[in-house]
Structures are given as C-alpha cells and as structure tokens.
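J.: Sequence unavailable; structure follows:
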C-alpha cells in the first residue's frame, strides 16, 4: 500500500481522526469509497496532503488500513497522538526520528517528575472507583473507567490533583484516559507535520469526534475545523464555538461532507 504521488508543491494539510471519525467498524465498508474519490480529487485540484491523527499505535493503524481496504496509504500518520510516521517508496512506515525521539525523551523525563502526582491520582481512582489503572510500554500511566459517568467523576478529581503540574495533560476517548506531556498531542503533532511541508494552520483542515481531538480542532492547529454528525456533544459545541462545521452525516460520510463544505 503506497500513497498517491506527492504534489510538487503541497498547498493543504488534511488531518483525520480515525476511530469514530473516518473509520466506522460497523460500516460496510468501514470507510466509504466517496472519501477516497474526494481525496484523489483534492490531490489533483488542490495539491492536498492527507493523514490520520489517532490515539492508535502505528501497528494498529496499519491493521485499520488493511481492515478498511484503503486503496492507497495516507501521506502521514500521527500515532498515539504524538508519534509522526511517513511511508517510504516501498510502502514501509518510517518515523520522524528527530520529533519522535524528542517526544519520548521529554516524556520519560516528565513522568519521573510527576510520579508523585500520578501516584496520588491512582490511589484516589482505585479507592473510590472501579476503574482500571493501565501501565504499558510507551504509556506508563492511563486508566479505563467502567462508564462515561464514572469517567466524568474521575476527570473532576484528576483536574484538582494535577493542578500543581501545569504541563501534565491527559487525552480522553470515551472511557479511556491517557496521561502525557501537554506539549505533545494531536494539535502540536499536526503543526509539526504541516511545518515539515512548509505549511501552517492557515492551510490546515482537521476533523475529529471525541475529547482527545480538542487540541487538533483548534484555530492554533487548523483554520478549517469540522466534526462528524456522531461526535460527542462537547466536541460539537466546541466546533460551533470556533466557527467550524458540524456535519449532518456521520463517520466517513461526514468527512466527505466537510471536505465539500470547505473545498468545493
């Protein structure tokens, strides 16, 4: 699987959240053919680059591309909301070494600094909820709540306990929460990708459906912002507030709708 031929001079960066936005696991197909037709059109007529900006690991992104039978690969991927990857001429994915190493080094140092705060959050969560604390390679702190309501209670306590560490951030997707450094998330990663092609927020489009998309769905990261019709209420309200487009259609149909809204 290879990307479309790169334009001589890219003019636009298009950023798509994957699960819940571009990819619908219950859809047949998970990503509609009209999406790939629109991307091909925008490549030809607008010299647009496109990519996936997700909380998935790179391995799970590849699984998703295969599952959805993508006819061509994205031009770039942001995995785990912070790692940047590009396909080479042979269809293999190569990391942005400078950014990814800088990111991982910053996270290792930062997690050592905030370990007491995270320990306090973990103790509070395990004492008062049934949520599961998660530690794994690359993501040493996260949790899974049992319900959305339980997650709302947890977020209230996390906000209070994390106040002494202004750079301690977290990314939520439904009942899942991942802690990390606030300077490395979907928005900062999108800006890094755009800068690499000589572009900026004024030439960037972003669409997402959940809480971990807020930084990407910001005028600081993209001038053209949208959410699919199935987005959570908080994201819909945010997109309206910043003058973006709330789609009537959901998932990849919504992505096509948003692209037509901004680029036709």
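T.: Yes, it's here. Note that the structure is predicted; figures quoted are calculated from it, not measured.
J.: Following the chain onward from the lengthiest helix in the chain, which element is next?
T.: Counting by DSSP state H, the longest helix found in the chain is helix 97-113. Where DSSP states H and E defines the elements, the next helix or strand beyond helix 97-113 is helix 115-128.
J.: Which neighbouring elements make contact with that next one?
T.: Helices and strands touching helix 115-128, by 3 or more Cβ pairs under 8 Å, 6 or more residues apart in numbering; DSSP states H and E, are strand 132-136, strand 139-144, helix 148-161. Backbone N, C-alpha and C define where each C-beta goes, glycine included.
J.: Out of the ones you listed, which is closest to residue 109?
T.: Smallest distance to residue 109 across the helices and strands packed on helix 115-128 (Cβ to Cβ): 12.3 Å, for strand 139-144.
J.: Against which helices or strands is the closest one packed?
T.: helix 115-128, strand 132-136, strand 176-181.
J.: in stretch 252-264, what's buried?
T.: Neighbour-count burial for stretch 252-264 flags 252, 253, 254, 255, 256, 257, 258, 259, 262, 263 (criterion: 16 or more other Cβ atoms under 10 Å).
J.: care to break this structure down by domain?
T.: 12-81+185-263, 100-181 (automatic domain parsing).
J.: where among the ones you listed is the average confidence lowest?
T.: Per-segment mean pLDDT for the domains of the chain reaches its minimum on domain 100-181, at a mean of 90.
J.: Tell me which of the helices and strands packed on helix 115-128 lies nearest to residue 47.
T.: strand 139-144 (35.7 Å).
J.: Can you tell me the strand partners of that closest one and which way each runs?
T.: Sheet pairing of strand 139-144 (DSSP bridges) gives strand 132-136 (antiparallel), strand 176-181 (antiparallel).
J.: so how far is the longest one off the chain centroid?
T.: Per Cα atoms, centre = their mean, to the nearest Å, the displacement of strand 176-181 from the mean C-alpha position of its chain is 13 Å.
J.: The first one now?
T.: In terms of Cα atoms, centre = their mean, the centre of strand 132-136 is set 21 Å apart from its chain centre.
J.: and residue 168, what are its bridge partners?
T.: residue 181.
J.: Just the buried positions in the longest helix of the chain, please.
T.: For helix 97-113, burial by neighbour count (16+ other Cβ under 10 Å) applies to 99, 100, 103, 106, 107, 110, 111.
J.: Among those, which pair sits farthest apart?
T.: Pairwise over those, using Cβ to Cβ, the maximum falls at 99 and 111, 18.4 Å.
J.: Dump the strands paired with strand 139-144 to TSV, plus mean neighbour count and distance to residue 121.
T.: Converted to TSV, these look like this (neighbours: other Cβ atoms under 10 Å; distance: least, Cβ to Cβ, whole Å):
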stretch	mean neighbour count	distance to residue 121
strand 132-136	12	9
strand 176-181	21	8
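J.: Need these in CSV (columns: distance to residue 213).
T.: Shown next, in CSV, are the strands paired with strand 139-144 (distance: least, Cβ to Cβ, whole Å):
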stretch, distance to residue 213
strand 132-136, 21
strand 176-181, 13
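J.: Out of those strands, which gets nearest to residue 61?
T.: Among the strands paired with strand 139-144, strand 176-181 comes nearest to residue 61, with 15.9 Å by Cβ to Cβ.
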